[in-house]
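J.: sequence below, structure please.
(4 chains)
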There are 2 protein chains.
Amino acid sequence: MPSPNSYRTHPSPLESGLRQDGKRMTPQRKKVLSLFEGIGSGIHLSAEEVHSKLTNSGDKVSLATIYRTLRLLVKMTFLNELDLSEGGNRFELLSHDHPDHHHLICIRCGRTEEFENKDVIKAGEVAAKNLGFKLLESSLNVRAICPLCINK
Amino acid sequence: MPSPNSYRTHPSPLESGLRQDGKRMTPQRKKVLSLFEGIGSGIHLSAEEVHSKLTNSGDKVSLATIYRTLRLLVKMTFLNELDLSEGGNRFELLSHDHPDHHHLICIRCGRTEEFENKDVIKAGEVAAKNLGFKLLESSLNVRAICPLCINK
DNA sequence: AAAAAGTTGCAAGCTGTTCTCAATACGCTA
DNA sequence: TAGCGTATTGAGAACAGCTTGCAACTTTTT
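T.: Sure thing, here's the model as predicted:
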């Protein structure tokens, strides 16, 4: 029976993506990406939150590295960056099956509702195609005033 | 013939909006809003840019006041705040006829193309209506990779 | 005209993010 | 599998954008 080491581990998409670029696989990068993979693709974390979640589970990764890694993972299209928030950008796992985020945001109280609309998805696809862009993700932000805030 | 002072000037929307709220019309507020009215509704300025434009035209308004005024004008829905930028939020005159901004953005090089799509506008309207929100503006951001960046 | 309330400018402070740089870890090659 | 070149890390300083505290000033009210 062959020893476990005789199997060659299949390199993860992260690892092969990095390799291709002369970059290296590090425990820190693995930890950041696994954190996002662990929580799934609907949830957005700030850099600070990533930092404290890792710290709480005993993994020490410096904040500077978190910022560097988040930027890298966005560029590699593992993560998606959401700009729509107060107090720091947020990141989430980029799901290629479900690449859309439509938000209705109250500009007064910040309440946010999510919805999804096929026409919007299609509009993004068409625009990308017309200009020869490769679509990653489209996000619609509707700025509005919610019923509770409208009268004050 | 009556003296000019016998005419009562019709208070501007800004002034009456402020009055309603126990707030006051000040030269600073007027200057900031006129600046935006002067340049029209397609152009977005950062707080810093507003500051230097006013300074260049000889109007001294402190940066702190600019920030306070921009926040106020957004709340009063004279201006619209765009969160989608690097290096500071940007503001533009909120045009109620044309409240839409659709962008196709290359995540590698930052190139941005604008487009407009009726279905997207409608989707925002429908979502707002369903939840009882009052629509201000909807913006679609399509994150993608442009032809020049796709192979590297 | 005095009091009350809103606004401004300045400077200090805060927050999120990036940078600098020495120390360290990765991964290739021998 | 030891050694080497280079990518990466951590820590803290630096930075940019923005907000706040406060004293002076301006308007409005009485």
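
J.: give the contact list for residue A:147.
T.: Residue A:147 makes contacts with B:131, B:132, B:133, as judged by Cβ atoms under 8 Å, 6 or more residues apart in numbering or on different chains. (C-beta placed from N, C-alpha, C; glycine too.)

J.: the second one contacts residue A:146, doesn't it?
T.: By that I understand residue B:132. Yes: with contacts defined as Cβ atoms under 8 Å, residue B:132 counts as touching residue A:146 at a distance of 7.3 Å.

J.: could the contacts of residue A:147 be laid out in JSON lines, adding pLDDT, secondary structure and distance to DNA strand D?
T.: Shown next, in JSON lines, are the contacts of residue A:147 (pLDDT from 0 to 100; DSSP: H, G, I helix; E, B strand; the rest coil; distance: Cβ to the nearest atom of the strand, whole Å):
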{"residue": "B:131", "pLDDT": "88", "secondary structure": "helix", "distance to DNA strand D": "26"}
{"residue": "B:132", "pLDDT": "88", "secondary structure": "coil", "distance to DNA strand D": "27"}
{"residue": "B:133", "pLDDT": "88", "secondary structure": "coil", "distance to DNA strand D": "23"}
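
J.: ok, which of the residues you listed also contact chain A?
T.: Intersecting the contacts of residue A:147 with the contacts of chain A gives B:131, B:132, B:133 (criterion: Cβ under 8 Å from any Cβ of the partner chain).

J.: neighbours around the second one, how many?
T.: Neighbour count of residue B:132, defined by other Cβ atoms under 10 Å in any protein chain shown: 12.

J.: now the residue nearest to residue A:134 when sequence neighbours are not counted. Its backbone dihedrals?
T.: In space, and not counting its chain neighbours, residue A:134 is closest to residue B:145: 4.5 Å by Cβ to Cβ, 6 or more residues apart in numbering or on different chains. Backbone torsions of residue B:145, given as degrees, to the nearest 10, read phi -120, psi 130.

J.: how about the helices of chain A, start to end?
T.: In chain A, the helices defined using DSSP state H lie at A:13-20, A:27-39, A:47-56, A:63-75, A:118-130.

J.: just for chain A, where's the confidence low?
T.: A:1-11, A:42, A:83-87, A:95-100, A:107-111, A:149-152 (pLDDT under 70).

J.: for the residue nearest the centre of chain A, what are its contacts?
T.: When chain A is reduced to its mean C-alpha position, the nearest residue by Cα atoms, centre = their mean turns out to be residue A:92, at 2.5 Å. By Cβ under 8 Å, 6+ apart, the contact list for residue A:92 reads A:36, A:41, A:42, A:43, A:44, A:45, A:79, A:80, A:82.

J.: does residue A:79 touch residue A:39 like I think?
T.: No: counting by Cβ under 8 Å, residue A:79 stays clear of residue A:39, with 11.9 Å between them.

J.: neighbour count winner among the two?
T.: Applying other Cβ under 10 Å to residue A:79 and residue A:39 shows that residue A:79 carries more neighbours, namely 24 against 14.

J.: what's around the closest residue to that one other than its chain neighbours, how many residues?
T.: In space, and not counting its chain neighbours, residue A:79 is closest to residue A:73: 4.2 Å by Cβ to Cβ, 6+ apart. Residue A:73 has 22 neighbours, counted by other Cβ under 10 Å.

J.: and residue A:73, how far is that from DNA strand D?
T.: 11 Å (Cβ to the nearest atom of the strand, to the nearest Å).

J.: got it, and residue A:74?
T.: 14 Å.

J.: isn't that residue up against residue A:82?
T.: No: if you go by Cβ under 8 Å, residue A:74 and residue A:82 don't touch, sitting 10.5 Å apart.

J.: just to revisit the earlier point, which one of the contacts of residue A:147 sits closest to residue B:68?
T.: Nearest to residue B:68 out of the contacts of residue A:147 is residue B:133 (Cβ to Cβ; 26.2 Å).

J.: for DNA strand D, what are the nearby residues on chain A?
T.: Counting by Cβ under 7 Å from any atom of the strand, chain A comes close to DNA strand D at A:18, A:22-24, A:26, A:28-29, A:60-65, A:68-69.

J.: got the domain ranges for chain A?
T.: Chain A breaks down by automatic domain parsing into domains covering A:1-95, A:99-152.

J.: kind regards, and thank you for your time.
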